[in-house]
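**Student:** no sequence for this one, just the structure:
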């Protein structure tokens with residue numbers, strides 16, 4: 001009983017600032033943030049890991065053809081920026097205001 005109450009208190013304390021900011025019209029709504037953190041980011045992390053592994057495997061070919069920098073931007077930088085360099089719930093803008101490749 002005490003553990004469930006403590007867990008409920010922790011969840012309430014963590015979500016209160018998010019819901020308060022959504023009520024004030026300040027940032028994305030709580031549902032968008034929750035879906036981003038609970039579903040989108042774990043899936044994009046798996047995709048980022050797979051894309052990075054593919055980029056490493058294809059790197060000899062891309063560097064020989066002169067497209068190494070572009071392929072690294074597309075296959076490594078952009079997926080990781082989308083996964084980790086956004087505010088929760090923000091799907092189109094990044095923390096530093098740059099585009100998906102960081103330029």
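**Tutor:** Sure thing, it's come through. Because the structure is predicted, anything quoted here is derived from the model rather than measured. Residues are numbered from 1 along each chain as shown.

**Student:** Which secondary structure element of this protein has the lowest mean pLDDT?
**Tutor:** Least confident helix or strand, the chain: helix 2-23 with a mean of 58, by mean pLDDT, DSSP states H and E.

**Student:** I'd like the next helix or strand past that one.
**Tutor:** Next helix or strand after helix 2-23 toward the C-terminus (DSSP states H and E): helix 30-35.

**Student:** Show me what that next one is packed up against.
**Tutor:** helix 2-23 (3 or more Cβ pairs under 8 Å, 6 or more residues apart in numbering; DSSP states H and E). C-beta here means a position set from N, CA and C on the backbone, and glycine is covered the same way.

**Student:** which residues are contacting the biggest helix by length in the chain?
**Tutor:** Determined from DSSP state H, the single longest helix within the chain is helix 41-64. Residues outside helix 41-64 that contact it (Cβ atoms under 8 Å, 6 or more residues apart in numbering): 68, 70, 71, 72, 75, 76, 79, 80, 82, 83, 84.

**Student:** repeat that for 7 Å
**Tutor:** 68, 71, 72, 75, 76, 79, 80, 82, 83 (Cβ atoms under 7 Å, 6 or more residues apart in numbering).

**Student:** Name the helix or strand for the spatially most central residue of the chain, please.
**Tutor:** For the chain, the residue nearest the mean C-alpha position is residue 83 (2.6 Å; Cα atoms, centre = their mean). Following DSSP H and E, the helix or strand that holds residue 83 is helix 78-84.

**Student:** circling back to that earlier point, and the next element down the chain from the longest helix of the chain?
**Tutor:** Per DSSP H and E, the first helix or strand lying C-terminal to helix 41-64 is helix 68-72.
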